[in-house]
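One predicted model, sequence on top.
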Amino acid sequence: MNPQEKQDAEFVSKDKDRFMTLPGDRRTESVSLAAIEVDPDNIRYVPENILNEKLMKKALQGDGLTLEYIPDNMKTSDLCNVAVENSGWALQFVPEEMKTEQMCRRALHSAYDITGEGIEVLAFIPYPDVCMHGIKLYENSMVNMMDIYGFINPQIMTAEMAMYGVKDEPGVLGFIPEHLHSYELRMEAVKGDGMRLYNIPDKDKTMELCEAAINSTFHSLRYVPDEMKTTELCNQALKKDAFAIQYFPADKLTHEVCLEAVNTASHPRILSFIPFEDIHLKVFNEQCKDYSTTKEFLENMKPDYIKQDLAYKIFEKQPELFYNIPIQFKDKQLCEAAVKRDGSYLAHIPESQKTKELCELAIKSSPYAIPYILDEMKGEEQYRKMVKDNPKNLIGIPYEDRTDELCRIALDNTFGKDKNDFSVVNSVTSSQMLLEVFKAHTNPEKVDLLLHIVSHDLITPEIAKDALQKSGRSFHVIPQKAWTPEVAETAVKSDPSSLGWVPSNMRTADMILFTKKAIEGYNINIPEEISKGDNIYTFHKRVENIINKPLSYDQHKQLYNGESIRVKDIQTSNGFVKIGELRYDAKSKNLNVKSVEQTTAEKQKNSIQINKKPDRKGKGRKI
């Protein structure tokens, strides 16, 4: 190896992708060998005039799939065996004339995987015996027999392989070449799965095969040629399932047969295949007892059999199906009956049937009819009259047309007369009017109800604050756009557990202290700027550490604001104080503790200055 080769060999050994960058004349045998040792795939970049058995064998020992990059004229049986021993998948690159049974078996076992990925190797095996071995090898894996046979070359299949597969999975018949379709094979397939009749040409179908197929599944009747669908064969299918009638030829659909099918099926879906009107009516009268069955009757009966009187009967039985009744049967009588029952059915009435009288009738029945009334009946004046006639009509008026005047009329005539009448509250579009409703109620349950029924788009911070003063537990119902620090504080002061719903950036030291004191053991995330800052929360911890006694939230609040408080049984660094008066000086940050228990023996002041270590006079500490 000359100096240049040594340099190149060292260069390519450091990175698998470097070899391809070398000029062709420097890819010598020695350099190529170094590159192949780093990555067997580098064999593809070795110049053909340099390729030799040593280099090729080295690559194939590292990765059998590199056989793909070796020219066919240089492949030998020895090299192919080396490749297959390394990877069964390499068999796909072995020339046909070099494949042996032994090599193919080796490839089969080398590529085997319980998941079944290795079955693709079967496509490259030209030996029936080896393929048969592969079928048995993979039949207990995670792939099914049809997947296995899908990779076998049809040209090498044998009668034995065909029967073996069909017995296990009748669908395999679809992969068997027609020259192997023996009568016995086909019979085996249709016995296991009658739908395999599909894979048999019509010219080869016999009555015996058809009977066997139908005995397996009535659906196979669809693949029986019409000329072979005898009365006996059709009856055989009908006994299996009433829905076999869908495959009957027209001349076999007798009234008697259809009646038998309907009685057996006991379901309106079968009407799709029944050509007798009286049978349709029989099903309606006898089976349509509920909404779903009647709906399916309408969906499956032949449209030609629907008449006006039947439409009336359908509506009478199930008014909710008015929508499903064909439009041509929605006459004046039916439409009037519909809107009397529910005005919102006006939405499903043809424009040609809408009259002013019908629309007025619908509005009287339901405010939800208003969006579908005639255009000539819409407008500010008309809406005002509707709301005056019935304040609940506000509900049906389009949102953009609900003026403050309309809302005021509706609200005054409902809530204004009965504070518990919320019938139009959810239709009011004025936040100011909604605030009046909230302020009128102090019951938490009523407030919760209002928060759930009014439009969240109309809830303002002012409404939220008013509601939370009475029901702090409802903070999570308030839309985020109405969340403010003041609203959050109101919620916590009303119900301390609401702190969990307050975003971290809105939590204050005061809220946290209030909640901690209200709920023993309450655990909540405390923002670092609070836990390490100078605030009432850290103040309370320092105070209680000094006096060795817990105080209430109100006591800490008073103390923090400069007020004095009296506390019993205080243990300080200067001794025990039976009744002490505490005062905090924010400027000097001194906490003074003064005994207020006067006795003959002790009338002196016991004061703790917290800004320095206790001196001989015992004045105190600084917080």
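Received, thanks. Numbering: from 1, shown residues only.

Look at Thr442 and give its secondary structure.
State at Thr442, reduced to three classes by DSSP: H, G, I helix; E, B strand; the rest coil: coil.

Touching stretch 333-352 from outside, list them.
Residues from elsewhere that reach stretch 333-352 (CB atoms under 8 Å, 6 or more residues apart in numbering): 311-312, 315, 319, 322-323, 325, 327, 330, 353-354, 358-359, 361-369, 371-373. Glycine gets a C-beta too; all of them are placed from N, C-alpha and C.

redo that, cut-off 10 Å
308, 311-312, 314-316, 319-320, 322-325, 327-328, 330-331, 353-355, 357-374, 396 (CB atoms under 10 Å, 6 or more residues apart in numbering).

can you pull the buried residues of that stretch?
Leu334, Cys335, Glu336, Ala338, Val339, Asp342, Gly343, Ser344, Tyr345, Leu346, His348, Ile349 (16 or more other CB atoms under 10 Å).

Export the residues you listed as CSV, with columns for distance to Leu591, pLDDT and secondary structure.
Listed next are those as CSV, based on distance: CB to CB, whole Å; pLDDT from 0 to 100; DSSP: H, G, I helix; E, B strand; the rest coil:
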residue, distance to Leu591, pLDDT, secondary structure
Leu334, 86, 97, helix
Cys335, 83, 97, helix
Glu336, 84, 96, helix
Ala338, 80, 96, helix
Val339, 78, 96, helix
Asp342, 73, 96, coil
Gly343, 73, 96, helix
Ser344, 70, 96, helix
Tyr345, 76, 97, helix
Leu346, 75, 97, helix
His348, 77, 96, helix
Ile349, 80, 96, coil
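
out of the residues you listed, who's nearest Asn86?
Taking CB to CB as the measure, Asn86 lies nearest His348 of the buried residues of stretch 333-352, at 72.4 Å.

which of the buried residues of stretch 333-352 lies closest to Ala212?
Using CB to CB, the buried residues of stretch 333-352 come closest to Ala212 at His348, 51.3 Å.

Thr442 and Met433: what is the separation?
19 Å (CB to CB, to the nearest Å).

Quick check on the two: which one has the bigger neighbour count.
A direct count of neighbours by other CB atoms under 10 Å for Thr442 and Met433 places Met433 higher, at 18 against 11.

Buried ones in the helix or strand hosting the more buried one, by neighbour count?
Per DSSP states H and E, Met433 falls inside helix 431-439. Across helix 431-439, burial judged by 16+ other CB under 10 Å covers Met433, Leu434, Leu435, Val437, Phe438.

repeat for stretch 459-475
In stretch 459-475, counting by 16+ other CB under 10 Å, buried: 459-468, 470-475.

likewise stretch 214-230?
Ile214, Ser216, Thr217, Phe218, His219, Ser220, Leu221, Tyr223, Val224, Lys229.

and the next element down the chain from the strand or helix carrying Lys557?
Lys557 is part of helix 553-560 when elements are defined by DSSP H and E. Going down the chain from helix 553-560, the next helix or strand is strand 565-572, by DSSP H and E.

Just give me how far that next one sits from the chain centre.
60 Å (CA atoms, centre = their mean, to the nearest Å).

same check, this time on stretch 521-536
38 Å.

Pull up the distance across that stretch, start to finish.
With CA to CA, to the nearest Å as the measure, the ends of stretch 521-536 fall 19 Å from one another.

hang on, the earlier thing: show me what counts as buried in the helix holding Lys557.
Buried residues in helix 553-560, counted by 16+ other CB under 10 Å: Tyr553, Gln555, His556, Lys557, Gln558, Leu559, Tyr560.

Next: stretch 40-57.
By 16+ other CB under 10 Å, the buried positions in stretch 40-57 come out as Pro40, Asp41, Asn42, Ile43, Tyr45, Val46, Leu51, Leu55, Met56, Lys57.

Tell me if I'm right that Ala525 and Asn505 touch.
For the record, residue 525 is Asn, not Ala. No: under the criterion of CB atoms under 10 Å, Asn525 makes no contact with Asn505, lying 11.6 Å away.

So which of these two has more stuff around it?
Legend: neighbour count by other CB under 10 Å for Asn525 and Asn505, higher for Asn525 (11 against 8).

give me every residue that touches the nearest residue to Thr231 once chain neighbours are set aside.
Spatial nearest neighbour of Thr231, chain neighbours left out: Lys252 (6.5 Å); criterion: CB to CB, 6 or more residues apart in numbering. Residues near Lys252 by CB under 10 Å, 6+ apart: Asp226, Lys229, Thr230, Thr231, Leu233, Cys234, Asn235, Leu238, Ile245.
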